[in-house]
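Asks: Quick one, fold the following:
(4 chains)
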Amino acid sequence: MNTKVKIAGVEFKNPVMTASGTFGSGMEYSDFVDLNRLGGVVTKGVANVPWQGNPVPRVAETYGGMLNAIGLQNPGIDVLIERDLPFLAQFDTRVIVNVCGKSVEDYLEVVERLGDTEVDMLEINVSCPNVKEGAIAFGQKADCLYDITSRIKKKAKQPVIMKLSPNVTDITEMAKAAEAAGADALSLINTLTGMKIDIHRRTFALANKTGGLSGPAIKPVAVRMVYQAAHAVKIPVIGMGGIGSAEDAIEFLLAGASAVAVGAMNFVNPYATVEVAEGIETYMRKYGIEDVAELIGGVKE
Amino acid sequence: MNTKVKIAGVEFKNPVMTASGTFGSGMEYSDFVDLNRLGGVVTKGVANVPWQGNPVPRVAETYGGMLNAIGLQNPGIDVLIERDLPFLAQFDTRVIVNVCGKSVEDYLEVVERLGDTEVDMLEINVSCPNVKEGAIAFGQKADCLYDITSRIKKKAKQPVIMKLSPNVTDITEMAKAAEAAGADALSLINTLTGMKIDIHRRTFALANKTGGLSGPAIKPVAVRMVYQAAHAVKIPVIGMGGIGSAEDAIEFLLAGASAVAVGAMNFVNPYATVEVAEGIETYMRKYGIEDVAELIGGVKE
Amino acid sequence: MSKQKATAIVAEQRRIAPDIYDMWLLTDLAKEAYAGQFIGVYPKDGARLLPRPISICEADREGGRLRIVYRIAGKGTEEFAGWRSGQSVEILGVLGNGFPIQAAGGKQAVLMGGGIGIPPMLQLAKELKAAGGEPIIIAGYREGQLFLKKDLEQYGKVYVATEDGSAGIKGNVLTVMEQEGLAAEVIMACGPMPMLKAIKAYGAEKQIDAYLSLEERMACGVGACLGCVCKTTHKDGHSHVNNARICTDGPVFEAREVDI
Amino acid sequence: MSKQKATAIVAEQRRIAPDIYDMWLLTDLAKEAYAGQFIGVYPKDGARLLPRPISICEADREGGRLRIVYRIAGKGTEEFAGWRSGQSVEILGVLGNGFPIQAAGGKQAVLMGGGIGIPPMLQLAKELKAAGGEPIIIAGYREGQLFLKKDLEQYGKVYVATEDGSAGIKGNVLTVMEQEGLAAEVIMACGPMPMLKAIKAYGAEKQIDAYLSLEERMACGVGACLGCVCKTTHKDGHSHVNNARICTDGPVFEAREVDI
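Replies: Below you'll find the predicted structure:
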């Protein structure tokens, strides 16, 4: 039975990764799961310099999901390179670094720094809804997305995954723009922008007012967008949005994702990533599927 | 204590309505609730002629929500006028007819026919994601929305509510386009487009492949969009999306909605509408609020 | 009594075959429950919102008790299977129109239940017998776990078909008709769609009225959402198109009325 | 034992004040639980996904039992309050760094608990006494329902403050310090933010070390999501900005370290 998948020339031992921002840089969850069991670890977004992030409250639970407005707090690329990458290098798993910035130059600086590292792929976060300085605009306008993608591709030494925002009218337009600009893969969905109000205090539940909605609540939107994006482009799509079980993951694979990522559900079940990987194997065995590739895009039209 | 709200000159005894398509034309739920207790009843979308709708399966449950792709099956404007409006006329509640069409002409025909009736307001459904013939396009492009709104306004004898789709990059742009074209009010959100795949049969859960996601799962997206829309326009906003309790309804009022509608949660609790209306009064009493108007847009900035 | 959402108490529950559970509920809704009708049962887990339509297996109208026999088909019914005596649960009912008992008046009725379509045949057989009939009951199972067979035998002669031949006649309910040389004057049936299609064809061929209980994914259960429609031969009086609502206009339809 | 998500059994639970519940859980996590640490308790209802952080009130390490005392603050804790003996529940733990017992060595420790910040003072008092200390405990309540007071008295002298003056001294924990003329050499506290701010100021004025247990909305509970940060006086070693993770770097911080 083959669970390996190849994305932009990089081979993953299985199609299960972590969603950026939900798994730290792997260290915290290594208390719970053997990182060697994962296809890949996608790190928390990193910028050229440390970011303070947003004020608290930064998180709020919602029905079947949660809102976050961390604001991409991160220790900066230096610390990632000195502390987190060596930690991850101990494991037999692919390392994808999620890159964020406030300007194109910020992104390019991080991408260049990573060029000299052993990192397997870069994921470009142009879709964080919680940062004021316009990073999200890169992910909500096709021409901006095209521009930043092509500029990053010129500098990047590793394959580039563009992470798309679901807060758009037409995900296929965004997917095509990224592909046309040379992106090697897409990942989606980032969070849906949401809001919660505390009716007793009459205040916003998050200091940032709005936050990104994640968790099983949004899975149907994610599956739809993955299906649409995967059918609109030829580059591989990494699917995410509410995945907490192998059943969820297989739904994304059938919709057309070449790999999947577990995000908020790590908080609900810290063993989720490994359970998803194992559950996919159980499913394959049950249905006599020899190669996970048979599942990718396998929904009957 | 005053629970009355006025929208485009029409007074509602309380801010609680039903969301189109979830309450039939009131008859089915009159077994459960006294329609006299509701601010208004919004009927299932009606077209100029009967519509067959989509094949089954038309509905699927999702985590904290549901998908539907009914495809706006309806008996046509004649039956609505002959059967449903006389039924609703027996009750002391406002009647809002939701209007759908496949072309602008379809909409205009229904709007004209309703001009001779006692209907209080019209709600124009330009945001149904489940009809192939492009109705959704009216709701996803600001210039199309402007155009259809202004043409409808020229014919309409009743105040016009434009029901907005959440499947857009910028809800404020759509809200402003509708306002500029003369809409008297907005209602939002319609459903988010979603998809579910049966992993054991490897088929789409809905015959239509995609459907509209509703229920508490989407409430944070709805609250955010209502907040954004209410702050972008001067016309009143009717808020909906996952409301099942007075707490939910108050969240929308605080975000800026002048009234709210209960949708999918009618299926979970057929008494929900009346319980929401009563619960708002309980809340007002608890916090010494004299007029429900104090709640509208009352979140602390 | 009109439709309502009500709190019922689990009186007892047991597993009667693999993945098949038999539960008695204490509820006043039993007072007006008839064969072929159903209730909506709500999961307690807030992640699963919609009521699950489950047919009435027996209605003890005097005792205020409803019996439902259901198969675990997903996480909702899996939750139900864990409910214990004394627990209070939310149900919606009584829903739909049942089988027309009067249509069997003076005629030989053959009841056909397939799989999880067998349970409603029990209340139906009971009502037909109470009305003076002597129903023949054909129960089609996948394999030899003949749940409800003993119960059914109280109200009529029971024939068994199994797909794997492990009990009764190998085949389906219509194989039994043929091999046992049975003749029906009216058929009442519930089961999977291929079975119902075959019965519709059989009824048409033999010119017998056949009442079929249909199933479809439902949301509201009360006729509002138009989720659970079936195609109808003629324009439906409510919808004005060729669609009837299974939850409200059905679930029982005369075979000629529906385009299945 | 590293952090884990584990199944615990409810040994017993009772209501000890309005909306305040006292629950003992059977769990091996108790073996390495210390004062000031907390566990995440998962609601069973799938609509509510995140673990609720609840401080450890008592850890019976030998018996493998953890005691938590919590207030109903929403639908999650409302669900917990309905749990009965014998039920199995999911918890995440043991989380966070507790109070530094060694920091009280040879010093007069004053423990200050406010409202639902009182429960962790019990395990803390127990550990300090076991280490040879004689802690003074000040418990600040809203009103006269003096939950855990008797338990606390096993391990030190207990003073009570109530906001409404219905028991003990009218005022807060610092009113007690003043009116009773108490002197602390080290303070350890848990309670609402205004109380902790006042204690930080008090400690600064008197030049006393004060260890404060902070609270914030959490998601992961294990330091990954960066949801529950607090501002720090100096750049934090992990984050490289002026933010520490309450769940992992805390919840207990020396008052001078945090900018509250």
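Asks: any idea how far the most far-flung residue of chain A relative to its centre is from chain B?
Replies: Note on chain A: the largest C-alpha distance from the chain mean falls to A:His200, namely 34.7 Å (CA atoms, centre = their mean). Per CB to the nearest CB, to the nearest Å, A:His200 is found 8 Å from chain B. Every C-beta, even on glycine, is put in place using the N, C-alpha and C of the backbone.
Asks: how does chain C divide into domains?
Replies: Following automatic domain parsing, chain C resolves into domains at C:4-95, C:101-259.
Asks: C:His194 - how many residues pack around it?
Replies: Residue C:194: Pro, not His. C:Pro194 has 11 neighbours, counted by other CB atoms under 10 Å in any protein chain shown.
Asks: For it, pull up the helix or strand it's in.
Replies: Assigned by DSSP states H and E, C:Pro194 belongs to helix C:193-206.
Asks: quick check, distance from stretch A:8-27 to the centre of its chain.
Replies: Centroid displacement of stretch A:8-27 relative to its chain, using CA atoms, centre = their mean, to the nearest Å, is 8 Å.
Asks: Give the buried residues for it.
Replies: For stretch A:8-27, burial by neighbour count (16 or more other CB atoms under 10 Å in any protein chain shown) applies to A:8, A:10, A:12-27.
Asks: Quick one: low-confidence residue ranges for the stretch 1-150 of chain A.
Replies: Residues of the stretch 1-150 of chain A meeting the criterion pLDDT under 70: A:128-136.
Asks: Give me the spatial nearest neighbour of A:Cys144, chain neighbours excluded.
Replies: The shortest distance from A:Cys144 to any non-neighbouring residue, by CB to CB, 6 or more residues apart in numbering or on different chains, is to A:Phe138 (4.9 Å).
Asks: Then C:Asp60?
Replies: Sequence neighbours aside, C:Ala30 is the residue nearest to C:Asp60 in space, at 6.0 Å (criterion: CB to CB, 6+ apart).
Asks: show me what contacts residue 49?
Replies: Unless you meant another one, I'm taking chain A. For A:Val49, the contact set (CB atoms under 8 Å, 6 or more residues apart in numbering or on different chains) comprises A:Gly76, A:Ile77.
Asks: let's do chain C instead
Replies: By CB under 8 Å, 6+ apart, the neighbours of C:Leu49 are B:Glu61, B:Gly64, B:Gly65, B:Met66, B:Gly215, B:Pro216, B:Ala264, B:Met265, B:Phe267, B:Val268, C:Pro43.
Asks: in which helix or strand would I find it?
Replies: Going by DSSP H and E, C:Leu49 is not in any helix or strand.
Asks: Check it and give its pLDDT.
Replies: Each residue has a pLDDT score; the one for C:Leu49 is 98.
Asks: Enumerate the residues of the stretch 101-250 of chain A near chain D.
Replies: Contact residues, the stretch 101-250 of chain A versus chain D (CB under 8 Å from any CB of the partner chain): A:Gly215, A:Pro216.
Asks: 7 Å instead?
Replies: Applying CB under 7 Å from any CB of the partner chain, we find that the stretch 101-250 of chain A lies next to chain D at A:Gly215.
Asks: For chain D, what is the nearest residue in the stretch 101-250 of chain A?
Replies: Using CB to the nearest CB, the single residue of the stretch 101-250 of chain A nearest to chain D is A:Gly215, 6.0 Å away.
Asks: you'd agree that residue is up against A:Gly64?
Replies: Yes: with contact defined as CB atoms under 7 Å, A:Gly215 reaches A:Gly64; the gap is 6.0 Å.
Asks: For whichever residue of chain A sits closest to chain C, the count of nearby residues, please.
Replies: Here chain A gets closest to chain C at one residue, A:Gly64, 5.7 Å apart by CB to the nearest CB. Using other CB under 10 Å, A:Gly64 has 28 other residues around it.
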